[in-house]
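A.B. asks: 3D model of this:
(one chain, ligands or ions: 5)
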Amino acid sequence: MSVFYFLVVSALAFITLAITIPSTPTWPDGRCTDKSLTIPSWVIWDYKVASGTATFRVDNRAHPYDGWVEITCSRSESQCHGSAASDELKVNWREGDNGQRVISFNEFWVCGDEGDHTIFTATGNTTVTSCTGSDCASPITYLAPGSLVLPVPLTPVQPTPPPGINAPTCADIRKNEWTVAGVEYRNYTKGQCKQWYGEDQICLDPPVTTGTDFVTKGEHLKLNVTNNAISHEVLCSFTPTYYDISIPNPLRCTGGNFNEITLDVRWSGTAPDFSLKVEELWYCLENPATNANPTVIVASGSTPVPLTCQSYPGITGQADDIVTRCTDPASSHAVDGIQLDKQTLPPYSLVTAYPVHGGCTFDSVVNPTFYYRGMYFHTKPFPANDPDSATLSSFTAGLTGPGFADFFFYENKAISGSGVSTVYTCAVYYDGKPASQHYNCTYSFNPHTKVITQDKVWECRDKNPSQPLYFDGSGSFDWNADPIQSCTNPGNSTIIDFGCYWHGDHANGQPGVPYDIPKVTASLINVLPPNYGQPGVSDTVRVNGKWQKMSGGT
Ligand SMILES: *[C@@H]1O[C@H](CO)[C@@H](O)[C@H](O)[C@H]1NC(C)=O
Ligand SMILES: *[C@@H]1O[C@H](CO)[C@@H](O)[C@H](O)[C@H]1NC(C)=O
Ligand SMILES: *[C@@H]1O[C@H](CO)[C@@H](O)[C@H](O)[C@H]1NC(C)=O
Ligand SMILES: *[C@@H]1O[C@H](CO)[C@@H](O)[C@H](O)[C@H]1NC(C)=O
Ligand SMILES: *[C@@H]1O[C@H](CO)[C@@H](O)[C@H](O)[C@H]1NC(C)=O
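C.D. replies: Ligands and ions are numbered 1, 2, ... in the order given. Predicted structure coming up:
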């Protein structure tokens, strides 16, 4: 009994040591707006062609409604016909370049799940790869990824499955599953340094560069593992640190997340007789002509790795400073594979962006909001009988909006207008950021009405990092909406200047006092604002042997 129990426990221990298959990210029900901004796409199934007529079913994956539309297409017309309730879906069926049929979509839908009702329009297409001959029925379903036209021009990026997924041998767990090559093992009983600043932490041996680039104490391992089923090589290495001198078991060489090849190795034994266990998780799409479900496989295998080792004294000259250096007399080792686990995943799970809620693009599309905080202004002296001539001598506000927070701006260059209509720039290039990471920003401020008229561009790259969207928000924002303000009015009956600052919790805390942004536009292009230079720094000129400020400078 106890022997049996022991065996069961050790078998379980062996199983739990295997790489665990990460769970598949799954979109929850609802979330029309998030889905529409992230995975606009159509799924097609039951595709058949008979006597020149194609029929199939379509479901918009982002749509708020459950259900599908039945589509009928004939060779004589390019536009297909849909069943009831498909007015907003236009489908096109035509021959593609290689004779395969291409189905294209253009659809308009509305999401109301976020309070706002947002109109979406998207296009997309897919090629029918698995239906040959004039009459046929496709054994598989298809995914047509979409590009949004409205509310923003956006092709959200979808994940790319890991390499090897389409290899015909991908799911063959076989002899010689892995090739292990380039094995190097070293073991240092002491850190290789003669002058320490903190033993095993900072080395002061010349030439001192970082102080941390010495050879550390402990075991060093390097090897390459090639999975022959998917022709995929991983370089696996371990370098000990002050905190971690032994090779962890298992050693994670790569991966760990969903949709990533994950490789663990276990290195055991003592010099020169080592052995290696390889364990790997990878993804396959088997028989793509008849199957749309990817699989995830976990397999393992082991091999003895006898090395040739030499020991010699290390550089410190101490008796217990021994270096053991081992190399592999064999150029490679074949490792046979055993399957540990295999699971079938939902169709398209490796090419569907993972669930998210909100984010920069979402916040820019749904109820776009500016928040002001830390507001303060003071005017220059102006004639009491000409209030419209008032301009600013100092100004501060912190602006938070979709995708940016606490963009503080100060009275800057006046770029157009005069008096209370003076337009100032709030785009500065002297903030240390690359020139391309600047966005148009202007404002004017009427100190009498306390209304700021602002225009500000911001960038969102959360849905497609390589094609960012540039949003431009503009409008007038009445700072009197927050009544908690203190003002001073120095001056006399002819020349006055005054200023106010806001100090309630809203005006002091992040994000600040909220305002709907009256107008927002979206573009794929960022038109950089001009560089107006630094405020308060003006050109100087030497005239008649005297240095002086140039006239016209600030
Ligand atoms: C089909 O979609 C791809 C992107 O997925 C796009 O590049 C191509 O222009 C589309 N073709 C048609 C005919 O719409
Ligand atoms: C190991 O892999 C690395 C990176 O892929 C490669 O540069 C190196 O040549 C490989 N070494 C051997 C022995 O295969
Ligand atoms: C490293 O080498 C030392 C001395 O040869 C030995 O005592 C120690 O066990 C070795 N460490 C490992 C992990 O083999
Ligand atoms: C009002 O103040 C201005 C500037 O401080 C000063 O030049 C002017 O003489 C003052 N006028 C009166 C009537 O005090
Ligand atoms: C910046 O915004 C202002 C105000 O809307 C506009 O007049 C100006 O043309 C814009 N500049 C650029 C470079 O887009």
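A.B. asks: switch to C-alpha atoms for all contacts and neighbour counts from now on
C.D. replies: Noted.
A.B. asks: Contact partners for the residue nearest the centre of the chain?
C.D. replies: Centroid-nearest residue in the chain: residue 462, 5.9 Å away (criterion: C-alpha atoms, centre = their mean). Applying C-alpha atoms under 8 Å, 6 or more residues apart in numbering, we find residue 462 in contact with 359, 360, 361, 468.
A.B. asks: hang on, the last one packs against residue 524?
C.D. replies: Yes - using C-alpha atoms under 8 Å, residue 468 makes contact with residue 524 at a distance of 6.6 Å.
A.B. asks: Which one of the two is surrounded by more residues?
C.D. replies: Taking neighbours as other C-alpha atoms under 10 Å, residue 468 and residue 524 compare with residue 468 leading, 18 against 14.
A.B. asks: between the contacts of residue 462, which is nearest ligand 4?
C.D. replies: residue 360 (48.4 Å; C-alpha to the nearest ligand atom).
A.B. asks: Do you know the pLDDT at the closest residue in space to that closest one that isn't next to it in sequence?
C.D. replies: The shortest distance from residue 360 to any non-neighbouring residue, by C-alpha to C-alpha, 6 or more residues apart in numbering, is to residue 403 (4.6 Å). Looking at residue 403, its pLDDT reads 94.
A.B. asks: Next, residue 403: phi, psi?
C.D. replies: phi 80, psi 0 (degrees, to the nearest 10).
A.B. asks: what do you get for residue 399?
C.D. replies: Per degrees, to the nearest 10, the backbone of residue 399 is at phi -110, psi 130.
A.B. asks: go on, residue 436?
C.D. replies: Dihedral angles for residue 436 - degrees, to the nearest 10 - are phi -70, psi -20.
A.B. asks: Just give me the neighbour total for it.
C.D. replies: When neighbours are counted by other C-alpha under 10 Å, residue 436 comes out with 10.
A.B. asks: Then residue 128?
C.D. replies: Residue 128: 20 neighbours (other C-alpha under 10 Å).
A.B. asks: who's in contact with it?
C.D. replies: 100, 101, 102, 103, 142.
A.B. asks: And what about the closest residue in space to the fourth one that isn't next to it in sequence, helix, strand or coil?
C.D. replies: Among residues not flanking residue 103 along the chain, residue 93 sits closest, at 4.7 Å (C-alpha to C-alpha, 6+ apart). Assigned state for residue 93: strand (three-state reduction, DSSP: H, G, I helix; E, B strand; the rest coil).
A.B. asks: cool, residue 480 as well?
C.D. replies: helix.
A.B. asks: need the helices for this structure, in chain order.
C.D. replies: Assigned by DSSP state H, the helices in the chain fall at 2-16, 32-38, 360-365, 505-508.
A.B. asks: could you give the mean pLDDT of the last one?
C.D. replies: Per-residue pLDDT over helix 505-508 has a mean of 93.
A.B. asks: what residues are up against residue 153?
C.D. replies: Contacts of residue 153 (C-alpha under 8 Å, 6+ apart): 147, 469, 522, 523, 524.
A.B. asks: Isn't the second one up against residue 457?
C.D. replies: No - distance between residue 469 and residue 457: 10.2 Å, which falls outside the contact criterion (C-alpha under 8 Å).
A.B. asks: Looking at the two, which one has more neighbours?
C.D. replies: Using other C-alpha under 10 Å, the more surrounded residue of residue 469 and residue 457 is residue 469, with 25 against 22.
A.B. asks: For that one, give its distance to residue 151.
C.D. replies: Residue 469 sits 12 Å away from residue 151, going by C-alpha to C-alpha, to the nearest Å.
A.B. asks: go on, residue 291?
C.D. replies: Counting by C-alpha to C-alpha, the gap from residue 291 to residue 151 is 35 Å.
A.B. asks: partner residues bridging residue 49?
C.D. replies: Legend: beta-bridge partners of residue 49 under DSSP bridges are residue 54, residue 136.
A.B. asks: Could you report the neighbour count for it?
C.D. replies: Count around residue 49 with other C-alpha under 10 Å applied: 21.
A.B. asks: one step back: rank the helices of the chain by pLDDT, which is bottom?
C.D. replies: Among these, helix 2-16 scores lowest, at a mean of 43.
A.B. asks: now for the lengthiest strand in the chain, which elements pack on it?
C.D. replies: For the chain, the strand with the greatest residue count under DSSP state E is strand 101-114. With contacts taken as 3 or more C-alpha pairs under 8 Å, 6 or more residues apart in numbering; DSSP states H and E, strand 101-114 sits against helix 32-38, strand 89-95, strand 116-127.
A.B. asks: can you redo those as CSV with distance to ligand 2?
C.D. replies: Below are the helices and strands packed on strand 101-114 laid out as CSV (distance: least, C-alpha to the nearest ligand atom, whole Å):
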stretch, distance to ligand 2
helix 32-38, 34
strand 89-95, 42
strand 116-127, 35
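A.B. asks: Domain boundaries for this protein, per the record?
C.D. replies: In terms of domains, the chain is parsed into 32-150, 178-344, 360-523 (source: automatic domain parsing).
A.B. asks: Can you say which of the ones you listed is nearest to residue 541?
C.D. replies: domain 360-523 (20.9 Å; C-alpha to C-alpha).
A.B. asks: which residues sit in contact with the closest residue to residue 453 other than its chain neighbours?
C.D. replies: The shortest distance from residue 453 to any non-neighbouring residue, by C-alpha to C-alpha, 6+ apart, is to residue 476 (4.2 Å). The contact partners of residue 476, by C-alpha under 8 Å, 6+ apart, come to 451, 452, 453, 454, 518.
A.B. asks: thinking again about what came up before, now the domains of the chain as TSV including distance to residue 157?
C.D. replies: Shown next, in TSV, are the domains of the chain (distance: least, C-alpha to C-alpha, whole Å):
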stretch	distance to residue 157
domain 32-150	8
domain 178-344	15
domain 360-523	5
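A.B. asks: With ligand 4 as the reference, name the closest of those.
C.D. replies: It is, among these and with distance given as C-alpha to the nearest ligand atom, domain 360-523, at 4.9 Å.
A.B. asks: distance between the ends of that closest one?
C.D. replies: Domain 360-523: ends 14 Å apart by C-alpha to C-alpha.
A.B. asks: quick one on the thing from earlier: kindly tell me how buried the residue nearest to residue 103 is, as a neighbour count.
C.D. replies: 21.
A.B. asks: any idea how far residue 331 is from residue 273?
C.D. replies: In terms of C-alpha to C-alpha, residue 273 sits 16 Å off from residue 331.
A.B. asks: With adjacent residues omitted, what lies nearest to residue 397?
C.D. replies: residue 375 (4.5 Å).
A.B. asks: returning to what we had before: most surrounded residue in the contacts of residue 476?
C.D. replies: residue 454 (20 neighbours).
A.B. asks: Contact residues of the chain facing ligand 3?
C.D. replies: 187, 189, 270 (C-alpha under 6 Å from any ligand atom).
A.B. asks: Nearest to ligand 5, out of the residues you listed: which one, please.
C.D. replies: For the residues of the chain next to ligand 3, the nearest to ligand 5 is residue 187 (60.8 Å; C-alpha to the nearest ligand atom).
A.B. asks: hang on, the earlier thing: among the contacts of residue 462, who's most crowded?
C.D. replies: That'd be residue 361 among those, by other C-alpha under 10 Å, with 26 neighbours.
A.B. asks: now it, nearest residue through space, not along the chain?
C.D. replies: residue 460 (5.7 Å).
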